[in-house]
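Trainee: Pasted the sequence and its predicted model underneath.
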Amino acid sequence: MLKTLTKILNRPCPIIESSKDKVVLAIGFGFFIFIFLSVFQPFGLDKVEKYKYLYFSGYGVITSFVILFNGFVSMNLFKDFFLPEKWNIWKSFVHNFIMIIPIAILNWIYFQSVEKPVDLDYSITNFLFMTIAVGFLPSLFLVYFFELRMRHSNENLSAIVNKQLESKLNNNLEVENINIISQNISISIPQNNFLCIKSMGNYITLYFTEENNLKREIIRTTMKKIEEDLYENKTIIRCHKSYFVNINQVTKTSGNARALYLHMDALDFQIPVSRNFSQEINFGTI
């Protein structure tokens, strides 16, 4: 039982990275709190008569504010904790519980500051338990459901792509060279030998093979410059904010809730495909 639970908690889980998704999540959860309080009116709130829905909306606004603050401030201050490639269900649960604390505190301050609509007297501890009941428990279900949905989606996509890879023909290999030019160096690599490019800030690591040996070359340039140089090449595709990949060198794929991953025999690491770039790859032409 404990082994099974540990395995579930350690499953990779996607983390929300885009600003748009963060705003949508914050507004959505705040609206959920407002609707929940309006419909069920728990904890004596059914006795509220004056400005009832305006009063309920205050708790929704507080929830949205904390989630927005976390998404745009906390995630930038504690980048090591919020690394997308290391995010899992357990971290999601811990993170959601930590967010409950400031929401509960601000809810209690709001409760104490406004004119009490009814004769209620709740301590900050009461608000912590109430906030957990209303917000934390549903968030656990959402995290688990989202992980399950994304994992099945990427696993199914991986199975489809692997079938395409098994049936592909190798009689259409390209003979042109890939030319990477930076301020102080120029490298030309046969396209058949090119594997991938990995970003490292203002530098990139170029992976390629030479006489069946893996080679690495670090070059000072940016992914934007690489994208411009390889714009017309339909085989070298940007699959992630940090990666370009030669899709003709992909041997198989795998998937979990976090992403779809590309595998190459010559590499000892997997290359992620982010949702933002997934449509850039036409797997049917691999």
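Mentor: Here it is on my side, so go on.
Trainee: Name the residues of the helix or strand of the chain with the lowest mean pLDDT that are buried.
Mentor: Across the helices and strands of the chain, mean pLDDT, DSSP states H and E gives its lowest value to strand 177-181, namely a mean of 80. For strand 177-181, a neighbour-count test (16 or more other Cβ atoms under 10 Å) marks 178, 180 as buried. Yep, even glycine has a C-beta here, placed from its N, CA and C like the rest.
Trainee: what do you get for stretch 252-272?
Mentor: Neighbour counts using 16+ other Cβ under 10 Å place 253-264, 266-267, 271-272 of stretch 252-272 among the buried residues.
Trainee: right, and out of those residues, which lies closest to Ala133?
Mentor: Nearest to Ala133 among the buried residues of stretch 252-272, counting by Cβ to Cβ, is Ala257 at 26.6 Å.
Trainee: quick one: the closest one from Glu49, how far?
Mentor: 46 Å (Cβ to Cβ, to the nearest Å).
Trainee: Not counting its neighbours along the chain, what's nearest Glu227?
Mentor: Using Cβ to Cβ, 6 or more residues apart in numbering and skipping residues adjacent in sequence, the residue nearest Glu227 is Arg238, 6.1 Å away.
Trainee: ok, now how distant is the one you found from Asp229?
Mentor: On the measure of Cβ to Cβ, Arg238 and Asp229 end up 12 Å apart.
Trainee: ok, now Lys215?
Mentor: Lys215 sits at a distance of 19 Å from Asp229 (criterion: Cβ to Cβ).
Trainee: How about Ile181?
Mentor: Ile181 is 7 Å from Asp229, by Cβ to Cβ.
Trainee: what stretches of the stretch 51-200 of the chain score poorly on pLDDT?
Mentor: Applying pLDDT under 70 to the stretch 51-200 of the chain flags the ranges 115-119, 167-175, 183-184.
Trainee: ranges for the strands of it?
Mentor: 177-181, 186-190, 194-200 (DSSP state E, counting those that start in this stretch).
Trainee: So which residues make contact with the longest one?
Mentor: With contacts defined as Cβ atoms under 8 Å, 6 or more residues apart in numbering, strand 194-200 is touched by 178, 180, 204-209, 214, 218, 222-223, 226, 236, 241-246, 249, 264, 266-267, 271.
Trainee: Can you give the strand pairings for that strand, parallel or anti for each?
Mentor: Strand pairing for strand 194-200, using DSSP bridges, gives strand 203-210 (antiparallel), strand 243-246 (antiparallel).
Trainee: and Ser64, which of those is closest to it?
Mentor: strand 243-246 (33.8 Å).
Trainee: what distance separates stretch 52-63 from the middle of the whole chain?
Mentor: 29 Å (Cα atoms, centre = their mean, to the nearest Å).
Trainee: re earlier: out of the buried residues of stretch 252-272, what pair is the most spread apart?
Mentor: Maximum pairwise distance among those (Cβ to Cβ): 27.1 Å, between Ala257 and Ala266.
Trainee: among the strands paired with strand 194-200, which is the most enclosed?
Mentor: strand 243-246 (a mean of 24; mean count of other Cβ atoms under 10 Å).
Trainee: show me where this protein has helices.
Mentor: 2-9, 19-40, 52-69, 75-77, 89-113, 124-131, 137-167, 223-229 (DSSP state H).
Trainee: can you redo the ones you listed as JSON lines with mean neighbour count and distance to Met200?
Mentor: Output for those, formatted as JSON lines (neighbours: other Cβ atoms under 10 Å; distance: least, Cβ to Cβ, whole Å):
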{"stretch": "helix 2-9", "mean neighbour count": "10", "distance to Met200": "31"}
{"stretch": "helix 19-40", "mean neighbour count": "15", "distance to Met200": "24"}
{"stretch": "helix 52-69", "mean neighbour count": "18", "distance to Met200": "30"}
{"stretch": "helix 75-77", "mean neighbour count": "11", "distance to Met200": "20"}
{"stretch": "helix 89-113", "mean neighbour count": "17", "distance to Met200": "25"}
{"stretch": "helix 124-131", "mean neighbour count": "16", "distance to Met200": "42"}
{"stretch": "helix 137-167", "mean neighbour count": "15", "distance to Met200": "26"}
{"stretch": "helix 223-229", "mean neighbour count": "14", "distance to Met200": "10"}
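Trainee: In JSON lines: the strands of the stretch 51-200 of the chain, plus distance to Phe34.
Mentor: Shown next, in JSON lines, are the strands of the stretch 51-200 of the chain (distance: least, Cβ to Cβ, whole Å):
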{"stretch": "strand 177-181", "distance to Phe34": "53"}
{"stretch": "strand 186-190", "distance to Phe34": "57"}
{"stretch": "strand 194-200", "distance to Phe34": "41"}
